[in-house]
Each structure stands twice: as C-alpha cells, then as structure tokens.
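Peer 1: starting from these lines, generate the structure:
(chains A, B and C)
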Amino acid sequence: MKYYTYFPGCSAEATAIGLGLSVQAIAKPLDMELIELEDWTCCGSTPYGSLDELESICVAARNLALAEKTGLDLVTPCSSCFITLYQADIKLKDHPQLMLQINEALAVANLEYHGNLRVRHLTEVLVNDITPEVITTKVKRPLNGLKVAPYYGCQLVRPDYGFDNPEFPQSLDRLVECLGAEAVPFPLKNRCCGGSLIIPEEDLALGLLRKLLDNALENGAQCIVTPCPLCQTNLDAYQSRVNSKFKTHYHLPVLFITQLIGLALGIDPESLGLNTNLVSPSEVLDYIYNYINYITTH
Amino acid sequence: MDVGEVTRFAQDLDGVVIARDYKFMCSDPGQELIKQDIKELGLNRVVVASCSPTMHEATFRRACQETGINPYLFEMANIREHCSWVTEDKKEATEKAKALVSAAVRRVYYHEPLETREVPINPNTLVVGGGIAGIQAALKIADSEHKVYLVEQSPSIGGHMAQLDKTFPTLDCSACILTPKMTLVGSHPYIELLTYSEVEEVSGYIGNFKVKIRKKARYVDEDRCTGCGLCITKCPWKVDSEFDAGLGKRKAIYTPFPQAVPNIPVIDTEHCAYFLKGTCRACEKVCEAEAIDFEQQDKIVEVEVGSIIVATGFQVFDPTPIYQYGYGRLDNVITSLEFERLVNSAGPTDGEIVLKDGSHPESIAIIHCVGSRDEKYHEYCSRVCCMHSMKFAHLIKEHAEADVYEFYIDIRSFGKGYEEFYNRILSEGTIFIRGRPAEVTNIAETPEEAGKLIVQFEDTLAGLQRRLPVDMVILSCALEAQADAEKTARLFNISRSADGFFLEKHPKLDPVATMTDGIFIAGCCQGPKDIPDTVAQASAAAAEVLAMISKGRVEIEAATAIIDERICTGCQACLLVCPYSAIDFDEEKKVCRVNEALCKGCGACVSGCPSDAINLKHYTNEQIVAEMEGALV
Amino acid sequence: MENLVEEVAATPGGENIRACIQCGVCTGTCPVAGEMEYPPRKIIALIRAEMRDEVLSSSSMWYCLSCYMCTVRCPRGVKPTELAHALESLATEHGFRIKRTRTPAMYRSFVNSIRGNGRVHELGMMLRFYLSIMPDLLANPLATIKMLPLGLKLWLHKRMPLLPKKVEGKEDLSRIIQRFREVRGAQ
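Peer 2: Below you'll find the predicted structure:
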C-alpha cells in the first residue's frame, strides 16, 4: 500500500468532478491510499502568479506547510496545481530570504515550511511508483485495442521536470497501452489547448482546440484521454462551441486518464463520473462492454 | 593593496637584509636593482613578491644566476593572481600579501642549491591523426629530413576534408587540393604511415616518449597488394558507407574512397561472410597477388619519439535529440555532412541533389546553429557553419533549380574573402532569413503545405511568425569533440576545456602547446576551425617540434624526489603510485630508488610513502612547514 | 532611476532577460504569437529600448498561455513564460490599465474568488468576471446569451455547483496574506 497526501485542486469538485471521482475510485484497486490534505486552499494557479508573483507563492506555501506536516509526498492530479506548487516549492528552496518572509506570514496561522516536501503529479506517480506493468496485472476488462489519443497538454511535461520528454512525451502512451488500448500517434499531443484563456479569449482557444481535435481524428482516435482538468473541460465542454464557430461536427469523447484506467479495472462508469462528460462517451463504452456487437454493427 | 606597507613589513622580517618595492621588477632596470643588491650586500637568498611564477620565475632565476647565485635559492610570492586580483577589500589584500611574503621568506631559508639537467631529444616525431592537420604537420617535419610516424585510425588518411565537395571561399575542390598532399605523405621517405592503427600506450617524457601502437589486422598483406581493387568489385556484401555518411554503400572488403592512401583494402570483420559464417572467400579467389590473409593478426609496434602532435579532429553533432527538427524522423531532413556527400560528384548520387524518393527538390531550407550556441547542447559557436551553409547555397544554385533559404541568427564571415563570399551568395538569389526555426514539421495547415516539410519560425527582421513549406531541410550541425576525446586525453596526459576539446597551454600566446611538455595539439581537436586555420596550427605545431629537434636537448626539472634508503622498507607503495613509472625497485637491497631522468617532481610518492622516507627536492617537508608557519604567524 | 532592463531583471521571473540573443525561437514557437502586439522576442527588444509605457500597458503578455514551449526551446535559458508573468506582475503593481484583452479582468475575478472563499468557486468567479466586463457584455448581448446554454449544460452534468464549499482555512489564508503584505511592505 502506498500512501500519499492528496491535493485535489479546486476544479476536482466542480468542473472536473469526473477527475475527482475517478481518482478516488481507482486509488484502492491500485494499492494507493490518497489522504486528502486537510483544509487545503487554492494553490493560486496562473492567474494569481500573474497578478502578484510573491503573494501567490505565499498562498501556495500554506498548502506546502500543511502537507509537510503529514510526512508524505504531496500528489495532485491537476497539471496546473502541480506546476504552481512545484515551482513555489523550488523558489522557496532557492531563495532563503523569501522563505523567511513567507514563514513570518505563515506564523500567524501557526504554520512553518522547512522545504522537506516532494510535490508530485498523479500521472508521474502512476508511471514511476505504481508502474504500467503492475497496472496491467490489475486490468479486469482489457480495452480491446480501443484507439486512444493520449493528450498531455503543456504543464505535465513542461518546463522539463526530468519526468518525460517535453517534445516527445511517452508516459501517457504507456499508461494507455498497459490497459490494452492502442495509443495512436498524435503529433500535437503536447500542444496547448488554450488553458485558462478559454474564458476571456474564447475564439483564440477554440482555434487551438480545433487543431487538436482534427489531429486526433486524422490519426484514427476513438477518444482522447488527458490528465488535466482544464484540458478536459476545454476539449469536452467546449467541443460544441468549436463546432458552432467552425461549422464542424466533432463528436469525440474526452476522458480523464483516471477514468480510462477505472474502466479497465472493471469499475462502473457512474463511479468514474462518466455521466458528467458533456460529449457522450457512450460509443466508447459500447466498444468496451459490447465489443463483439460493436465490431459486427460498425 | 598597500605595497609600501607590505615592503615595510618585509624589511622587519628575520633574515631580511633589504626590502624594496619597484613598479616593474621584471624589467631590465628592475632586474638590475636585484643584481646590484646581491653584489653590494652579499645576499644569498632572494624573494620577489609580485605576479605568478608562471609569468616571471624564469626571469628572476636568470637574474640570480647571472650574479652567481644558484637559481633555486630564489622564491616568488604571488601577491597578484593569488591576492590583489582576487580580493575586493584593500586592507584584507594587504594583510594576505604580508602573510604570503612572510611565508616565502621563511621558506627560502631552507632552500638548497640545485642543478638542472639536460637530456638529449629523440628527433623522431609521432603525429596522431591523418586529417589535413596531421598531414600538414607530418609533411613539414618530414621535409626537414626528420622521421615522422603518422598514425591514423581509419584505413586511409584524409579525414573529414576528403569528404567535402568544394571549400569556401575559393570553391576549390577539396579532394583536388588534398590528394596531392596525401600522395606526398604516402611516398615520403621520412614518413612511416601507420593506417588502421591506434595508439595504445604512451610513457616517458619530453624528448623521450615510448609509444605502443596497435596496427589492426587488415587481413590483406600490405607488401603483396597491388591496389588493383578486384577484390572490392567481386565482394558481394554491401554495407552502409561511413565515408558517405550512411547515404551510400561500400563492400565488406573496402577502401573508404577511390583516392585512399594507402590504397590497400581492409576487411570489415563485422560484415564479412567469412568471419561471420566461414563462407564466401570471393576476394581470396580473385586476388592475383595472393594478398588476402584471413589469418593476419593485430601487430603491436613500439616507437620512440621526442615529441607528439595530436591532431585527431572532430565529429559532427548528431541532431536526433532535437526532436522538433525531425532528423531521423522525417524524410529529407539531413545533416551538413550528409549534404556534402550528396552534392559531391564522387558521392552516392553523383552530385545530383535528390530527395529520398529520387525526385528533385524545388526549395531547400538551410538551418544554422544546430547544436551550437545552445545551452542544452553546445554553448559555443562552431565557427565554420555560416560559411559552409553559404557554400551549400551556392552549390545548390549550381546543381539545381531550387529556391534556397538560409535561417540564421548572426552571419559569421570573419576570414579572408569570407564577407565577399557572403555578398556573392546574396547576389546569387539565396534568401537570408534572420530567425532560428522553432520546428520542422510535416503537419500541413493549408493545401500548399501538403506533402512538404514546413519550417515554422519568426522572421525577426520582418517581425512576423511565418511558416515556409520546403522540400528539403539541411541542418548545419555543430562540430564537436570526438566521442573518444576523454580516452585520448588520458592516453596523452592532456586536458580538455569545458567544451570538450583539448586544452591549449594559453589561449592567446600558446595555442598549439599543451600543459604536458612535448605534446602538441593542432586542428579541430583543439576547437572548431576552418581549413586555413587548421593548416596554420599544424605548421605551428611542426615549428615547435622542429625548434626542439634543432636544439637537440631539453632541460629537465631539478625538483625530483629522493628516497632515503635507510628508512625505506621496500613496500613499493611509491612505485605503484608514480604516474611516470620513475621508480625502480632494487631486488638486492630491497629498497626503492627514483630514476631522476624520468621523475617530474609531482610529489605523489612523497605523500604516498607510509614511512615518510621520500623527500622532494625544492619541496622538502622543512620548506613546506616553514612556509605554512610564515603564513600563519 | 533604475533602467527598465534592471527593473525587469530584479523582478522574479525576469532574471535571465540579459541572456537573450534575439534568435526568435520563442516567437516562432508561440501558439498565440499572432495575437500578440509584441511577441516574446520583440518585447525583450522593447525592454532593452527602454519603452516602459509601451511594454507595461501592452496586452501582449496577457495572451501567454503558460504552455512553456518557448522556455523549453530557448537556447539561452531566458524563460520567456516567467518573463511574461513578471511583466504582468509589474503592470499590475504599477496600476496600468490593459486594453484589448479581458484576461486581466478574469484573473482578478479568479484571485478575488480565492481571497473570498479560500478556493475558486467557479460559478461565483464567472459572475464576478461578467460583472467586471459588463460594458463589453452589454455592447454584445448576443455573444453573451450564447454562453448560457454551455453554463446550463455544465450545471446539468453536475459540473457547476451553485454554492461555494465551506473551507475552514479561509480565515487563516486571509490572515496569512495580510501578514505577508505587511512583511513585504516593511522591506
């Protein structure tokens, strides 16, 4: 049993509820105990860092201090939370002067950060700690070669954390393949989905999303999987907006990698929050559950 | 620092008769001051507190000698490089200088007079590497009627220059200017050419090196082979040709290129059917001179030389790790060396510029600085790529009707005729775009881009992000140190600089010597450079060697180790630790003895001896302890 | 008066600005370079030219997606993404009004949601955002109305909780931020 302190991130209980549910659902079967960080607050993310860099480190530091007390690694499924917490941690470790200032502020809540924490992304934990080989042994419902386009997005692989190749990442492909699915070649798999700019600059982001959907379909994908809540929301919830803007007819289900893993582990779709996906994943579910039927009717 | 204060301090030290300060002590008047004081005051020890001994120790030692004092009764305190140049606070520097002076004064009390020895120099030379640098150096020395051993790893001399098509800026055909020199080397009475050979062991010291060279078995008898080439024609086994940068094929028995010197083939045992399965033997059957010898063995040749010139050259950076440029992943993305072979009329396509499918490209992009000027790969600039990239543009215009686009950050056309060459290329219609490309992709975004390679970049001068569809992309790759440079450096006991190339003794004033006396470097193994500079360095190294040979003798360090045989227990720890094999074990007396001729005074044995039986002349325990006391008190 | 290059280099994120050789890989790579008035390379050139007002009032850095592709490809270690964040912080600190983009307004709504709730309450944040850009919305009523179906769908799919979650640490966070501002102000 591997123990971790779990940082869900604000969206895991709201827009990305599917992520929150599926992460909880697959933890036990994969021998992971994810203990939610008590009383966590938002990490700050890009917007806070853009408005006030130093104050955003302070906001992140509260979570780091709380997590440090548990003595376990801090794991988050959200790419944005990961990069914010990870970089705040590094900045504090590299700048003792800043660390002193932050600790003075944290003192009002009886907290202190000493720099003894490892911040990790759930995907990295799945690949390095749990490992694809072990996941394969726990697969109850192999995915029959389902064609999946693994979408990394940006902040899982960049800047270079030493986890995966920023230009040509492979970790998600390996996770997909270990479930019995086929990871299709997807040249734009590490290109930006538009991120948080989907709200203030929607047209711009829709253009980027369109390129991604096109590229995935061109390579024969039946669905896209991604680890990041923002990427999933953009690709899934805004797919209809892409269609209305560009007069296209995309209907490509976008799943969280944890949802796909859950399906392969034999967990029912509702526990994985698959009913919250806006682009219905029914065809994918059909393919997985009624494979013979699917093949004969398609 | 306050020099006056240091001088006054020195005057008060024990044993100091006179302390003076003078602005340029190393100048003639400065030296005169010293000499006069020695004569008038009857001095028998001299300390100069100034710059580093590497600068002027020899100068002051000479001054002492000229006045009748043994030069080893002189000591220098480095209060410049070790003190004023590295200390920010004046007071701190002054205090430190006082400590250094005090240390030197106490130490010099214990100095003993020593005599330097001279040893004769072996007039033979070893040149390692048969590229243009090695060839040039070998010829210059051999022409003075002194013997040269030229060792080359591959089956023929010629190096990378033999692979080039035309050379910038004159557009001379590379092989045409190189092969006459190669032929001279091959037939020169004073050059012993050892190709398909590698240096295995080097021992000794300046003027007296012993080198073991492994002559790898060619499986062809050199004395019998006539170079007719029939074996090559008949051999049925094809292998990717290294000389053609993998674009063409050679046989399992081969010479790298038609003008090879020596023109004696070599059997590649990793691809020869006889060596793999025991079959074929076609070459043996057709050879009229009966020169094929499958039983041939490697031979170890031992030579004695007085100096060594290392000219092992460079290798081309492999751009595969730069995923976004698509080398190895996308068709028609090639390196600079591959293009040289492509455009060469003696190359795999007879000089026709063709794409992988055999068709002719209509547009070609040349990307500069691939692997150079990049903190992820090599920070340095590879110096020659701007020029050869422009040369490519010219050759493309000559051989084909294609549009050429050069993607650069800066244009470095520094040499004689180089800027004029740039003007010429501009006038020929090549488009220069200032912008390092972000990526080369085959994912088309418009119909015009379909089926092409698209270069995405910012045209920084126009201030626009652009995509340009082309048929072929040439990556002008960095020149980097050879993969086995570490091994070579250890073999010859030379250092490497941070960029991986061999380290010269002084970047401005001694570019071909190394910190190891008697061993020189020349050409691209010292750093990327073009052919004119390579030839100049090779001639420079040859001149340094000839100067040594001309003098005929060299002074040997007087500071050698001496073993007190009364204390020595014969444990031989010193023998094991000596990097110069300068210690012998006397079987009869069961003690170790230092061979003064070989000893370089490194001190390893002194610290290694468990019985404290070894002392190093001019670095005795007494002297060192006195120095420490002087610094601390 | 400090020059602009020094000021940027002293801001966290802008440290490596001096290393830039203006090669253009960052701009060549940037997925939104076409939208930026002054894409990364150009903005560094303008900083070197001391064009403070043009740079800090520019909407350019607010388009940065933080995709970090430029950072991965820069041959000099300049980190343009962090530079963009540094410029955004400087612009906010000095009270520049940014035209042409709604991103600063959205970021402010996001941050205010954190300060008010401890975590981002998405519905609350969106409402704050729309309120802050009300003039713009009223000018384009149709575009605004078109957003409603998506909001409804998200709510129906249980992805848009109406009320914020109760976060115990909210008070602590406020006090920590308050203290940090005092500590920083004293420097």
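Peer 1: residue in the stretch 51-200 of chain B nearest to chain C?
Peer 2: As assessed by Cβ to the nearest Cβ, chain C sits closest to residue B:88 within the stretch 51-200 of chain B, at 21.7 Å. Where you see a C-beta, it was placed from the backbone N, CA and C, and this is true even at glycine.
Peer 1: that residue - that's part of a strand, no?
Peer 2: No - assessed with DSSP: H, G, I helix; E, B strand; the rest coil, residue B:88 is coil; it does not lie in a strand.
Peer 1: quick check: it vs residue B:278, distance?
Peer 2: Counting by Cβ to Cβ, to the nearest Å, the separation of residue B:88 from residue B:278 is 74 Å.
Peer 1: more crowded one of the two?
Peer 2: Of the pair residue B:88 and residue B:278, residue B:278 is the one with more neighbours under other Cβ atoms under 10 Å in any protein chain shown, namely 9 against 6.
Peer 1: read off the pLDDT value for the more buried one.
Peer 2: Looking at residue B:278, its pLDDT stands at 91.
Peer 1: residue B:55 too?
Peer 2: Residue B:55 is assigned a predicted lDDT (pLDDT) of 85.
Peer 1: could you find the closest non-adjacent residue to it?
Peer 2: For residue B:55, ignoring the flanking residues on the chain, the nearest one in space by Cβ to Cβ, 6 or more residues apart in numbering or on different chains is residue B:26 at 7.7 Å.
Peer 1: for residue A:18, same thing?
Peer 2: Nearest non-adjacent residue to residue A:18, counting by Cβ to Cβ, 6+ apart: residue A:273, 3.4 Å away.
Peer 1: what do you get for residue A:132?
Peer 2: residue A:178 (3.6 Å).
Peer 1: what do you get for residue A:256?
Peer 2: Closest to residue A:256 by Cβ to Cβ, 6+ apart is residue A:19, at 4.8 Å.
Peer 1: correct me, but that neighbour touches residue A:231?
Peer 2: No - counting by Cβ atoms under 8 Å, residue A:19 does not reach residue A:231; the two are 10.6 Å apart.
Peer 1: for the residue nearest to residue A:18, phi and psi?
Peer 2: phi 70, psi 20 (degrees, to the nearest 10).
Peer 1: might you report the residue contacts of it?
Peer 2: Going by Cβ atoms under 8 Å, 6 or more residues apart in numbering or on different chains, residue A:273 touches A:17-22, A:259.
Peer 1: filter the residues you listed down to the buried ones and hand me the PyMOL line.
Peer 2: To isolate the buried ones among the contacts of residue A:273 in PyMOL, judged by 16 or more other Cβ atoms under 10 Å in any protein chain shown, type:
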select buried, chain A and resi 17+18+19+20+21+22+259
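Peer 1: closest to residue A:91 out of the contacts of residue A:273?
Peer 2: For the contacts of residue A:273, the residue nearest residue A:91 by Cβ to Cβ is residue A:19; the value is 26.8 Å.
Peer 1: neighbouring contacts of whichever strand or helix holds the closest one?
Peer 2: Element membership of residue A:19 [criterion: DSSP states H and E] is helix A:17-27. Contact with helix A:17-27 is made by A:6, A:8, A:11-13, A:32-34, A:77-78, A:122, A:229, A:232, A:256, A:258-259, A:261-262, A:265, A:267, A:271-274, A:276-277, C:158-159, as judged by Cβ under 8 Å, 6+ apart.
Peer 1: how far is that helix from where the chain is centred?
Peer 2: Going by Cα atoms, centre = their mean, to the nearest Å, the spacing between the C-alpha centre of helix A:17-27 and its chain's C-alpha centre is 11 Å.
Peer 1: can I get it in PDB, CA atoms only?
Peer 2: What follows is helix A:17-27, C-alpha atoms only, in PDB (Å, rounded to 0.1, in the frame of the first residue of the first chain):
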ATOM      1  CA  ILE A  17     -15.800  16.400 -10.900                       C
ATOM      2  CA  GLY A  18     -15.200  13.400 -13.200                       C
ATOM      3  CA  LEU A  19     -11.500  13.600 -12.300                       C
ATOM      4  CA  GLY A  20     -12.200  13.800  -8.600                       C
ATOM      5  CA  LEU A  21     -14.500  10.800  -8.700                       C
ATOM      6  CA  SER A  22     -12.300   8.600 -10.900                       C
ATOM      7  CA  VAL A  23      -9.100   9.300  -8.900                       C
ATOM      8  CA  GLN A  24     -10.900   8.300  -5.700                       C
ATOM      9  CA  ALA A  25     -12.300   5.200  -7.400                       C
ATOM     10  CA  ILE A  26      -9.000   3.800  -8.700                       C
ATOM     11  CA  ALA A  27      -6.900   4.500  -5.700                       C
END
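Peer 1: what pairs with the next helix or strand after that helix, parallel or antiparallel?
Peer 2: As assigned by DSSP H and E, the chain's next helix or strand after helix A:17-27 is strand A:32-36. Counting by DSSP bridges, the strands paired with strand A:32-36 are strand A:2-6 (parallel).
Peer 1: give me the phi and psi angles of the residue of the stretch 1-150 of chain A found nearest chain B.
Peer 2: Closest residue of the stretch 1-150 of chain A to chain B, Cβ to the nearest Cβ: residue A:149 (14.1 Å). Phi and psi for residue A:149, reported as degrees, to the nearest 10, are phi -100, psi 110.
Peer 1: quick one, what contacts it?
Peer 2: With contact set as Cβ under 8 Å, 6+ apart, residue A:149 has these partners: A:183-184, A:186, A:189, A:215-216, A:219, A:221, A:223-225.
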